[in-house]
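Colleague: what shape does this take:
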Amino acid sequence: QIQLVESGGGLVQAGGSLRLSCAASGRTASFYAMGWFRQVPGKEREFVAAIRGNDDITDLANSVKGRFTISRDNAKNTGYLQMNSLKPEDTAVYYCAAKRGRTVVSLASLYEYDYWGQGTQVTVSS
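Modeller: You can find the predicted model right below:
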């Protein structure tokens, strides 16, 4: 059974950086896509970034473009979310997700993904 485990969250000042990792118990190369979402209490989980295909095509939410980068290292079975120029509004629990199948409607949708991690807290102080 595939398990995803996030790490790298924490407390950082505004303008700082964090790199989140998502370690998979299975081969990340077998995932067509990996994604990152975030959630704050009382709100829906929202799309942050996704990476897909053999060419690792990436997609980012408008709110994080130019600041966040998604990547994956199939040799390490790990996905990453590099977060720079963090803002207080980036504070949330961040979740990684993985999708096996190649049929995609929208990687920004929660329902595309087959596996989820438990989440890691990111807090950005002003």
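
Colleague: go ahead and flag the most central residue of the protein.
Modeller: residue 36 (2.1 Å; CA atoms, centre = their mean).

Colleague: that one against residue 95, yeah?
Modeller: Yes. Look at residue 36 against residue 95 with CB atoms under 8 Å: they come within range, at 7.1 Å. Glycine gets a C-beta too; all of them are placed from N, C-alpha and C.

Colleague: just give the number of residues close to residue 2.
Modeller: Per other CB atoms under 10 Å, the neighbour tally for residue 2 reads 14.

Colleague: return the distance of it relative to residue 123.
Modeller: According to CB to CB, to the nearest Å, residue 2 and residue 123 sit 28 Å apart.

Colleague: over to residue 55?
Modeller: Taken as CB to CB, the span from residue 55 to residue 123 is 34 Å.

Colleague: which one's more surrounded, the two?
Modeller: residue 123 (15 against 7).

Colleague: next, the buried residues of the helix or strand harbouring that one.
Modeller: For residue 123, the element it lies in under DSSP states H and E is strand 120-125. For strand 120-125, the neighbour count (16 or more other CB atoms under 10 Å) marks 120, 122, 124 as buried.
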